[in-house]
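K.L.:
Just the structure for this:
(chains A and B)
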Amino acid sequence: MEILLNNRKEIIDQDEIKLDELIKLKNFTFKLLVTKVNGVLIKKDVRSDVIIRQGDEVHILHMISGG
Amino acid sequence: MQGRDVRFSIKLTKAYLCNKIMKYLDIKYVLKNKVVGIAGCGGLGSNCAMALVRTGLGRLVLADHDRLEEGNLNRQYFFRDQLGEHKVSALKENIHRVDTDCEVEAHVIQLEPASVIELFAECDVIVEAFDTDHAKQMIIETVLSEFPGKAIVSGQGLAGFGNNESITTRRLDDLYIIGDGELEVTEDQPPLGPRVAVVANMQANLVVELLLKGE
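P.N.:
Numbers count the residues shown, from 1 in each chain, chains lettered A, B, ... in the order given. A predicted model of the protein is given here:
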């Protein structure tokens, strides 16, 4: 399937994938992230319940300490 | 709003949309009725607040639980004689040394989702200026879920020195992220005055733009 990940087209070799699995697959290594799927905020504790399908738009942002 | 003010406002909006040219008096006229919340009053928050006050912002809501330490003086908008004070109190004092008319709400508090909602509900824009990644995630998730349509301007990636060209502004709906998006603060990559202030002032610059555009 093809999805839009952080504004870039990505081909995923599966018909669907859970959001937490996508995070591991794409090697987002920072431990704290903010995620949105099709414009909807997905908090950490429900990432394993959200399934990404063909055409979905996903944003994964890592939080960087310092301020 | 009275007729004359409505016409004035329309004139301002047209001026902005056409070419972003506005006289300083017109900018101050708009900003004096705006409210900005600043979450965290360290390097990002203190520098951002001072830039906003100098531009004519009418009201600030400050939240931070820390007291000023000597190690903060390399990048935070405070002074040696303020060591030991709560940062929000010291910042309020510094703001009023520039503009006595700016209303400042200073909250000594470690923000959590409930207090973010309570303190920042009336703010036109919220500035995320925390130092820890946990706090950054908490306030971004809270604002995006609880205040749809309200802009939050976050500072992410400001450690070290140099690399001006790596500091950018990215937007995801109501979330704006300013910084290099990469460098975490570590012992080998400390936060330093110039780069922290660049990010903080870019946050302030974007806040001003959003507030004037909103008008």
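
K.L.:
What does the pLDDT read for the nearest residue in space to residue B:47 that is not next to it in sequence?
P.N.:
Residue nearest to residue B:47 in three dimensions, not counting chain neighbours: residue B:200, with 3.5 Å by Cβ to Cβ, 6 or more residues apart in numbering or on different chains. Where you see a C-beta, it was placed from the backbone N, CA and C, and this is true even at glycine. You'll see residue B:200 listed with a pLDDT of 98.

K.L.:
Surely residue B:200 is in contact with residue B:40?
P.N.:
No - the pair residue B:200 / residue B:40 is not scored as a contact, 10.7 Å apart, by Cβ atoms under 8 Å.

K.L.:
May I have the lengthiest helix in chain B as PDB, with CA atoms only?
P.N.:
The helix that spans the most residues within chain B, counting by DSSP state H, is helix B:193-214. In PDB, the C-alpha atoms belonging to helix B:193-214 read as follows (Å, rounded to 0.1, in the frame of the first residue of the first chain):
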ATOM      1  CA  GLY B 193      22.600  32.000  24.300                       C
ATOM      2  CA  PRO B 194      22.800  32.700  20.600                       C
ATOM      3  CA  ARG B 195      21.100  29.600  19.200                       C
ATOM      4  CA  VAL B 196      18.500  29.400  22.000                       C
ATOM      5  CA  ALA B 197      17.600  33.100  21.400                       C
ATOM      6  CA  VAL B 198      17.500  32.600  17.600                       C
ATOM      7  CA  VAL B 199      14.800  29.900  18.100                       C
ATOM      8  CA  ALA B 200      13.000  31.900  20.800                       C
ATOM      9  CA  ASN B 201      12.900  35.000  18.600                       C
ATOM     10  CA  MET B 202      11.700  33.000  15.600                       C
ATOM     11  CA  GLN B 203       8.900  31.800  17.900                       C
ATOM     12  CA  ALA B 204       8.000  35.400  18.800                       C
ATOM     13  CA  ASN B 205       8.200  36.500  15.200                       C
ATOM     14  CA  LEU B 206       5.800  33.700  14.100                       C
ATOM     15  CA  VAL B 207       3.500  34.600  17.100                       C
ATOM     16  CA  VAL B 208       3.400  38.200  15.900                       C
ATOM     17  CA  GLU B 209       2.600  37.100  12.400                       C
ATOM     18  CA  LEU B 210      -0.200  34.800  13.500                       C
ATOM     19  CA  LEU B 211      -1.700  37.500  15.700                       C
ATOM     20  CA  LEU B 212      -1.700  40.100  13.000                       C
ATOM     21  CA  LYS B 213      -3.000  37.700  10.400                       C
ATOM     22  CA  GLY B 214      -5.800  36.700  12.800                       C
END
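
K.L.:
Now for residue B:200 and residue B:40: what residues contact both?
P.N.:
Shared contacts of residue B:200 and residue B:40, defined by Cβ atoms under 8 Å, 6 or more residues apart in numbering or on different chains, comprise residue B:129.

K.L.:
Please give the three-state secondary structure assignment for residue B:90.
P.N.:
Three-state assignment for residue B:90 (DSSP: H, G, I helix; E, B strand; the rest coil): helix.

K.L.:
pretty sure it contacts residue B:77?
P.N.:
No - Residue B:90 is beyond contact range of residue B:77, at 9.1 Å (criterion: Cβ under 8 Å).

K.L.:
re the thing from before, neighbours of the residue nearest to residue B:47, just the number please.
P.N.:
Residues within reach of residue B:200, counting by other Cβ atoms under 10 Å in any protein chain shown, total 29.
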